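Q: predicted structure and sequence below. I'll ask about it afterward.
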Amino acid sequence: MTLIELQQILLRGEDSQYQFKQNITNADSLAAELVAMVNAAGGKIIIGVNDNGEITGVSSKDIRRLNQLISNVASDFVKPPISPLTENIQTDKGLLIVISVPEGLNKPYLDKSGVMWVKSGADKRRVTSREEMQRLFQAACLIHADTVPVQETSQADIDRWTFQDYYKNRYHEVAEEMTPRLLQNLGLLKSEQLTLAGLLLFGKIPQRFKPVFVVKAIVFPGDNVDISQYLDNEDIDGNLVQVYKDSFAFVRRNLHHIQNEQGINSLGEPEIPPVVLEELLVNALIHRDYFISAPIRLFIFRDRIELISPGHLPNHLTIEQVRCGLSNMRNPVLASHATHILPYRGLGTGIPRML
């Protein structure tokens with residue numbers, strides 16, 4: 001880091017990537033800072049600077065002590081261990097140590113007490129909510145929402161006829177007995193409870209156990225959300241296939257049909273091609289973050305459609321990568337079955353084709 005870069009950072013102040021410390025003597029406190037950064041996008045801790053961004057410096061004796069402390073904390077107080085880099089910088093106001101913390105490859109990280117820390121703006125906070133912990137494990141591909149058992153469900157909550165039709169169409173044979181072993185092998189049952197995938201795909205009444213997993217669809221008369229008026233409204237529930245079909249029908253009935261260079265006797269074409277609606281809906285249902293307890297929202301305005309799928313893009317995907325066809329399966333069991341019941345291939349071509 002050059003002195004000019006350092007000066008620019010100090011002028012900007014602390015944020016999620018840069019922390020200022022006048023000195024560090026407590027190993028547990030340093031471990032919490034390292035864990036929060038490595039669980040986020042990484043960052044730098046600058047020692048020898050007060051909270052106002054003023055250089056106070058550290059002594060040569062402190063430099064030796066701090067480097068040893070940083071090494072010990074990174075090895076013994078962070079689980080799994082990390083390897084931050086340190087840089088000593090001489091300024092006209094004293095020595096500084098800059099700790100460079102890379103983004104972790106084995107998230108989530110914990111301190112030695114088993115506490116999980118994450119960044120919260122320029123500060124850090126302890127993770128206490130189960131959903132947030134699950135999302136961190138999900139980001140590390142250690143857990144998938146669609147494989148988690150749904151409490152209070154059992155094999156009896158599967159719609160036998162829907163499952164048997166699916167099994168026959170996919171495997172070209174009849175599932176005479178819907179045994180626990182068969183359901184487990186398909187990723188639909190775990191610990192005698194339906195997984196989320198099993199419930200959403202083949203449950204008799206999925207919303208009995210997961211009432212929030214619906215599509216809330218509404219048509220507004222103008223170009224913005226109207227708090228007092230709507231033209232059409234529906235809470236769309238059922239299993240995944242039913243939700244897809246009913247959501248598709250809701251959009252189709254609220255689209256204009258345009259002539260589009262056809263003859264006057266034509267019935268017209270939807271102003272948005274059906275393939276676009278297919279890709280949007282399938283993508284939202286299969287790839288949403290099911291660790292977030294929120295519905296999919298489908299808003300139709302006079303000039304556009306907004307389909308809001310809960311969750312961020314998974315595993316550091318960017319919008320530009322998605323536009324080019326790069327994909328990541330957040331819910332692999334749902335995706336594996338969806339190729340046989342929805343217009344979905346899982347090849348990463350959907351978004352480019354939609355565009």
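A: Sure, I can see it. Numbering: from 1, shown residues only.
Q: show residues contacting the worst-scoring helix or strand of the chain on mean pLDDT.
A: The helix or strand of the chain with the poorest confidence is helix 130-139; it has a mean of 71 (mean pLDDT, DSSP states H and E). Contact with helix 130-139 is made by 39, 107-108, 116, 118, 127, 143-145, 148, 289, 291-293, 314-315, 330, as judged by C-beta atoms under 8 Å, 6 or more residues apart in numbering. C-beta coordinates here come from the backbone N, C-alpha and C atoms, glycine included.
Q: helix or strand right after that helix?
A: helix 160-171 (DSSP states H and E).
Q: quick one: mean pLDDT for whichever helix or strand comes after that following helix?
A: Counting by DSSP H and E, the next helix or strand C-terminal to helix 160-171 is helix 180-185. Across helix 180-185, the average pLDDT comes to 92.
Q: so what secondary structure elements neighbour helix 180-185?
A: Applying 3 or more C-beta pairs under 8 Å, 6 or more residues apart in numbering; DSSP states H and E, we find helix 180-185 packed against strand 189-190.
Q: chain center to the strand it packs on, what's the gap?
A: When C-alpha coordinates are averaged (C-alpha atoms, centre = their mean, to the nearest Å), strand 189-190 and its chain have centres 23 Å apart.
Q: is Leu298 in a helix, a strand, or coil?
A: When classified by DSSP: H, G, I helix; E, B strand; the rest coil, Leu298 comes out as strand.
Q: the nearest residue to it once chain neighbours are set aside in helix, strand or coil?
A: Sequence neighbours aside, Ala217 is the residue nearest to Leu298 in space, at 4.1 Å (criterion: C-beta to C-beta, 6 or more residues apart in numbering). Secondary structure, three-state DSSP: Ala217 is strand.
Q: how much space separates Gly238 from Lys204?
A: Separation of Gly238 from Lys204 (C-beta to C-beta, to the nearest Å) stands at 10 Å.
Q: of the two, give the one with the bigger neighbour count.
A: Shown here are Gly238 and Lys204; by other C-beta atoms under 10 Å, Gly238 has more neighbours (18 against 14).
Q: list the contacts of the more buried one.
A: Gly238 neighbours (C-beta under 8 Å, 6+ apart): Pro206, Gln207, Asp246.
Q: just the ones in helices from those residues, please.
A: Counted as lying in helices by DSSP state H, out of these, are Pro206, Gln207, Asp246.
Q: which one is the last one nearest to, not counting chain neighbours?
A: Beyond its immediate neighbours in the sequence, the residue positioned closest to Asp246 (C-beta to C-beta, 6+ apart) is Ile236, lying 4.6 Å away.
Q: also the first one?
A: Residue nearest to Pro206 in three dimensions, not counting chain neighbours: Leu199, with 5.1 Å by C-beta to C-beta, 6+ apart.
Q: how about Gln19?
A: Ile45 (4.7 Å).
Q: residues contacting the residue nearest to Pro206?
A: Val150, Thr153, Asp157, Pro206, Phe209, Lys210.
Q: and it, what's its pLDDT?
A: Predicted confidence (pLDDT) for Leu199: 96.
Q: residue boundaries of the strands in the stretch 201-350 of the chain?
A: Taking DSSP state E, counting those that start in this stretch to define them, one finds strands in the stretch 201-350 of the chain at 215-219, 232-236, 257-258, 269-270, 296-300, 305-308.
Q: closest one to Ala175 among those strands?
A: Among those, the nearest to Ala175 by C-beta to C-beta is strand 232-236 (28.5 Å).
Q: centre of the chain versus that closest one, how much separation?
A: Its chain's C-alpha centre lies 26 Å from the corresponding centre of strand 232-236 when counted by C-alpha atoms, centre = their mean.
Q: do the same with stretch 41-60
A: 33 Å.
Q: equivalent analysis for stretch 342-354, please.
A: Taking C-alpha atoms, centre = their mean, one finds the center of stretch 342-354 at 19 Å from the center of the full chain.
Q: for stretch 149-164, same thing?
A: Using C-alpha atoms, centre = their mean, the offset of stretch 149-164 from its chain centre is 26 Å.
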